[in-house]
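Okay, structure incoming, though there's no sequence with it:
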């Protein structure tokens, strides 16, 4: 029996390098797929195609996905910066677009102002308003189902209006420009799994789409593949006289399907690679690694500090001036708690791991570069890298710091052979306190923003730890575990922010 078990262990050890090679091959294949998808998004359309001219987008813009969707509809698009939008205090269309057939799309509260400003422009064929607010009765004077004669579409999030008195925002704009009743009138569904409620005026020149989800910000709606596909379908159908071909819906569906697949395939491939490390520690390695003992009073102080941070976030959320600080307090508190714990541990223990070989350094360097490339490509697939460069730089630094902290904590526990043992599990629990308090406070006070940021703080702490559990149990390398943790943390933070 003993020889048989030893034989199985040897056989398993021989298979591990092959498993690692498979993981690396899948990772490289995923990077190639992501690069191809980005390349396909630049396929473009002819210069004579109609142009969707976008005003008011100041957040992360989903360049690759949006370009793919709009091009499939036979349109091209361009963004107008805030400085180019005005001349002598008045809204203008830059001169370089004088010879193009235009559809004006506005993003944000003041979108309807562009309708009144550009309604008489001969090369403007229609308007698309994304998450607009009602501009007031004075601005709506002279606007009805026939004036202006140009098509107007309104896209917004779900509002769940139950009575006529509650009608506001995008729904109220549509009712004023169409003459329709959206509360008691019949809507049509557009989309599959998450359909939007849509209304079309009797004149067929006014359109309202209310998303299946609550979306308060126009910039966030732009990130939605569901919105992009519906917008492309609307443009192709409404302005069929301007485009040469019918919409290629399969191009949009296939592109996004492969984009989502590449993200999850990349995560699976990285886990496969890191899990290929041997599970057993040698006797020499065990002797080099020490555990730590931190006094209970230190944990008590850190718990109190984390709880105080959560309470501070609740208090600041009730003050208008400091409301924007809540998310930074909740997202940075876990990092501060883990950093304090790590400093104490290093002061007591010092360096605990042996020097890695050159091959290990080269391999980890290659994987670090691969992870960075993967994150950049993943970000470029779903948003604009140039707009969010500051976010990426900051989050990469934070993820690297947090990963090194996790690596150190795991190293201290290797005698127990478990990721969840001892200090790390206690610290992760303390890191969750501030987010949990904010989440509860948001639910009690009916503060949606506080609730969401509390949940985000919890997610940024708990989810990376869950992802690294299988890797930590199979790999003796704290650095490998930290790299998986850092990748998961960075992806979650990018999604949150």
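Great, that's in hand. All figures in this text were calculated on a predicted structure; none of them were measured in a lab.

Which residue ranges make up the domains of the protein?
Domain ranges of the chain: 41-245, 280-496, per automatic domain parsing.

avg pLDDT for the host helix or strand of residue 469?
If you go by DSSP states H and E, residue 469 is part of helix 448-474. The average pLDDT within helix 448-474 is 78.

could you redo the domains of the chain as TSV and give each row mean neighbour count?
For every residue, glycine as well, the C-beta is placed using N, CA and C. TSV is the format used below for the domains of the chain (neighbours: other CB atoms under 10 Å):
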stretch	mean neighbour count
domain 41-245	18
domain 280-496	18
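
Columns distance to residue 33 on top of those, output as a markdown table?
A markdown table is the format used below for these (distance: least, CB to CB, whole Å):
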| stretch | distance to residue 33 |
| --- | --- |
| domain 41-245 | 13 |
| domain 280-496 | 9 |
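
Would you single out the least confident of those?
For those, the weakest mean pLDDT is recorded on domain 280-496, namely a mean of 68.

list the contacts for residue 233?
Applying CB atoms under 8 Å, 6 or more residues apart in numbering to residue 233 gives the contacts 73, 190, 247, 249.

Apply 6 Å and report the result again.
By CB atoms under 6 Å, 6 or more residues apart in numbering, the contact set of residue 233 is residue 247.

And residue 104, by the same measure?
Residue 104 neighbours (CB under 6 Å, 6+ apart): 53, 114, 118, 124, 127.

likewise residue 108?
By CB under 6 Å, 6+ apart, residue 108 lies in contact with 56, 218.

Same question for the one 3 residues further on.
Counting by CB under 6 Å, 6+ apart, residue 111 touches 129, 132.

Now do the SS call for the residue lying closest to residue 74 once chain neighbours are set aside.
With CB to CB, 6 or more residues apart in numbering as the criterion, residue 74 has its nearest non-adjacent residue at 3.2 Å, and that residue is residue 243. Three-state assignment for residue 243 (DSSP: H, G, I helix; E, B strand; the rest coil): coil.

Repeat that for residue 141.
Put simply, residue 141 is coil when judged by three-state DSSP.

now the one 4 residues further on
Three-state call for residue 145 (three-state DSSP): coil.

Repeat that for the one 4 residues further on.
State at residue 149, reduced to three classes by three-state DSSP: coil.

got the phi/psi numbers for it?
Per-residue torsions, residue 149: phi -80, psi -10 (degrees, to the nearest 10).

quick one: it from residue 69, how far?
Using CB to CB, to the nearest Å, we find residue 149 at a distance of 27 Å from residue 69.

where's the residue lying closest to residue 460 once chain neighbours are set aside, which helix or strand?
Computed as CB to CB, 6+ apart, the closest residue to residue 460 that is not its neighbour in sequence is residue 492, at 5.3 Å. Take DSSP H and E as the rule and residue 492 turns out to sit in helix 478-496.

Next one: residue 61 from residue 263, what distance?
Noted for residue 61: a distance of 19 Å to residue 263, by CB to CB.

Make sure the residue nearest to residue 74 is actually in contact with residue 75.
No - in this structure residue 243 lies outside contact range of residue 75 using CB atoms under 6 Å: 7.0 Å.

about what we covered before: was I right about the residue nearest to residue 460 contacting residue 461?
No - between residue 492 and residue 461 there is no contact under CB under 6 Å: 9.5 Å.

Which parts of the protein are strands?
Under the criterion DSSP state E, strands of the chain are mapped to 51-55, 76-80, 86-87, 90-91, 102-107, 124-130, 151-156, 188-190, 196-200, 206-210.

mind listing what the fifth one pairs with, with the direction of each?
So that's strand 102-107. Using DSSP bridges, strand 102-107 pairs in its sheet with strand 51-55 (parallel), strand 124-130 (parallel).
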